[in-house]
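Novice: need a 3D model of the sequence below.
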Amino acid sequence: MPGDAGRIVVSGLTKTFSGNVHAVEDLSFTVEPGSITGFLGPNGAGKTTTLRMILGLATPTRGTATVSGQRYDALRDPGLTVGAVLEATSFHPGRNARNHLRVYCAAAGIPDTRADEVLAQVGLTDSAKRSVKGFSMGMRQRLGLATALLGNPSVLILDEPANGLDPEGIAWLRRLLRHLAEAEGRTVLVSSHVLSEVEQTVDRVVIIARGRLVREGTLDQLGEGSSTGTIVRTPDPNGLTAALSGANGTLQPDDDGRVCIRGMEPAVVGHAAWQAHIELHELSAMRSDLEEIFLQLTAEGGDASTPPLPGGPARGAHPPGPQGPPPAGVAPTPGRSGQPSGGAS
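Specialist: Numbering: from 1, shown residues only. Here you go, the predicted model:
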């Protein structure tokens, strides 16, 4: 559907393994074109299992996952629509980087010349003839991303793409993803278990824990309502302490001369200081660090009653499709051409 072009919609997605293990439970979210969405959660939260279901590599117990209005395996040209990297180790050790890409070019009907184009795009031109077995983890990440970009897809799904990258590589990845989303209008879904790793890159976040949605929205929305008190700087901290002695707040002096007052809003602190004629040099709301908020949300275990932030997905059903070929960047199981590798992690 034209209106759904490039949009990823996950609706009521559930995956239960033997032994009644709920890897993913009633998960719903939407990823819009022209943006980067961070798919966040601690290790074991169900991120990779969800991505595998989006890509047709695992069958949902219930619910649907669609790309451009269709299940992945019902897409007309899945390898040209979706580029995916689920791991950076699925390379034949005897091939060099260029030949690895040419194998995927042949499978997808893409000209061999595209291999050199994406090698240049990810900064591996000088390593094109090097054997993959000698690649560092960061180089493997770049090669995996090159594989995903071969078909010039409108949708990119990347599982922990910054693993193994040094600070310069992370900055490079950030610039590349921003260009792909903002300048070229692509849909980018990036999973990570560390918010600080992606917070300078993403436009929106989807946070899950224990397979359930915890929060969905922009980074600004994630921080809304997180004020935990007031920061004050005063030449008379003892006087301020006395002025607030009857209030429900906890005062914690900082090393830099500030006083952190937990449990009280700035207006209340400011009024008490004014009444006691206490001079203030700073009065501001104290907000939790985003990483702290993230850790708190995931530690709470993905309470299903927590509503998504504004702009969350509308629930809906989509018809199932037949099993199809694996996405770019995910190698097929040997001996089963055109079939995705089995199992979910």
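
Novice: element containing Leu27?
Specialist: Element membership for Leu27 (DSSP states H and E) is strand 21-31.

Novice: mean confidence for the following helix or strand past that strand?
Specialist: Next in sequence after strand 21-31, counting helices and strands by DSSP H and E, comes strand 36-40. When pLDDT is averaged over strand 36-40, the result is 95.

Novice: report the inter-axis angle for strand 36-40 versus strand 21-31.
Specialist: Strand 36-40 runs at 160 degrees relative to strand 21-31, counting by axes from the mean of the first three to the mean of the last three CA atoms, to 10 degrees.

Novice: what helices and strands are in contact with strand 36-40?
Specialist: helix 47-54, strand 187-192, helix 195-198, strand 204-209 (3 or more CB pairs under 8 Å, 6 or more residues apart in numbering; DSSP states H and E). From N, CA and C alone the C-beta is placed, and that goes for glycine too.

Novice: and Gly6, what does it touch?
Specialist: 33-34, 67-68, 154-155, 185-187 (CB atoms under 8 Å, 6 or more residues apart in numbering).

Novice: picking that back up, and the strand holding Leu27, which residues are buried?
Specialist: 23-31 (16 or more other CB atoms under 10 Å).

Novice: what pairs with it, parallel or antiparallel?
Specialist: strand 8-17 (antiparallel) (DSSP bridges).

Novice: tilt between the partner strand and strand 204-209?
Specialist: Using the same axes, to 10 degrees, strand 8-17 lies at 10 degrees relative to strand 204-209.

Novice: and the angle from strand 8-17 to strand 187-192?
Specialist: 40 degrees.

Novice: hang on, the earlier thing: now the angle from the strand holding Leu27 to helix 47-54?
Specialist: Going by the same axes, to 10 degrees, strand 21-31 makes 70 degrees with helix 47-54.

Novice: ok, residues contacting strand 21-31?
Specialist: Counting by CB under 8 Å, 6+ apart, residues outside strand 21-31 touching it are 7-17, 37, 46, 49-50, 53, 60, 62-63, 187, 189, 204, 206, 208, 210-213, 216, 304, 308, 312-315, 344.

Novice: among the helices and strands packed on strand 36-40, which is nearest Glu282?
Specialist: helix 195-198 (26.0 Å; CB to CB).

Novice: tell me how many other residues crowd the closest residue to Gln200 other than its chain neighbours.
Specialist: What sits nearest to Gln200 in space, not counting adjacent residues and going by CB to CB, 6 or more residues apart in numbering, is Arg174, at 6.3 Å. Arg174 has 17 neighbouring residues, counting by other CB atoms under 10 Å.

Novice: and Arg258, bridged to which residues?
Specialist: Arg233.
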